[in-house]
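*Asks:* Turn this into a structure:
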Amino acid sequence: MKHFSIYLLLVLTLPLSAKMLVSPIDVMKQSFGENSKVSKKNILLKNDQANNIQKDAKTKIKSKIFKVFQAVKNDKILGYGIIVNKKVRSKNAAIIYIISKDSILKSVEIIAFNEPMEYVPSKTWIAQFEEISTDKRLRVGNEIPTITGATLSARSIVDGSRIAFAFYEEILKGK
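*Replies:* Residues are numbered from 1 along each chain as shown. Below is the predicted model of the structure:
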């Protein structure tokens, strides 16, 4: 009976975890080179920082805790990976925004996705996020086109980019 209870608990909690698509460390190494040293830290925002980020991003942030990755080579910071968790339809996705030290978005990668996989945007659509300055505030339907059948995914990624850009500008830029 004890084994059955443990099994039942595992079966019921399994769907609550995110479907990991790729490791954030792998994404950072791919973006900044295999020889770069990648470290991870959690940053807890102060109330005024969180308010500034929400105001700048023009969207609410879910948590004041951000997971940030930093790539370093030869004691020089190469850039950052900022993870933003956003609700897509009814479940969350985790997206990492790779930003270079010179304030340019290098790439976007979906690292975890709980919705059906057909709602994951194509690599072609995601590629349009490359080489964008962090001072831009993107909007779906304006700078970024929507995706037929995955509009909520598109909106989540674009809203997340504004949060990542605002976080970068408020917390990381110039460090």
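
*Asks:* from here on, contacts and neighbour counts on C-alpha atoms
*Replies:* OK.

*Asks:* SS state for Ala112?
*Replies:* With DSSP: H, G, I helix; E, B strand; the rest coil as the basis, Ala112 sits in strand.

*Asks:* Confirm for me that it is in contact with Val22.
*Replies:* Yes: look at Ala112 against Val22 with C-alpha atoms under 8 Å: they come within range, at 7.3 Å.

*Asks:* More neighbours: those two, which one.
*Replies:* Ala112 (20 against 12; other C-alpha atoms under 10 Å).

*Asks:* Where do the strands of the chain begin and end?
*Replies:* 37-44, 65-73, 76-87, 92-100, 104-113, 132-133 (DSSP state E).

*Asks:* need the helices for this structure, in chain order.
*Replies:* When secondary structure is read from DSSP state H, the chain shows helices at 2-13, 24-32, 47-57, 123-126, 151-167.

*Asks:* Go through the ones you listed and name the closest to Gln70.
*Replies:* Nearest to Gln70, of all the helices of the chain, is helix 24-32, at 8.1 Å by C-alpha to C-alpha.

*Asks:* separation between the closest residue in space to Thr134 that isn't next to it in sequence and Lys173?
*Replies:* Of all residues not flanking Thr134 in the chain, Phe165 sits nearest, at 5.0 Å (C-alpha to C-alpha, 6 or more residues apart in numbering). Separation of Phe165 from Lys173 (C-alpha to C-alpha, to the nearest Å) stands at 10 Å.

*Asks:* deepest of the strands of the chain, which one?
*Replies:* Ranked by mean neighbour count, the strands of the chain are led by strand 92-100 with a mean of 25 (mean count of other C-alpha atoms under 10 Å).

*Asks:* That strand vs strand 104-113, what angle?
*Replies:* 160 degrees (axes from the mean of the first three to the mean of the last three C-alpha atoms, to 10 degrees).

*Asks:* Check which helices and strands strand 92-100 sits against.
*Replies:* With contacts taken as 3 or more C-alpha pairs under 8 Å, 6 or more residues apart in numbering; DSSP states H and E, strand 92-100 sits against helix 24-32, strand 76-87, strand 104-113, helix 151-167.

*Asks:* Good, wrapping up.
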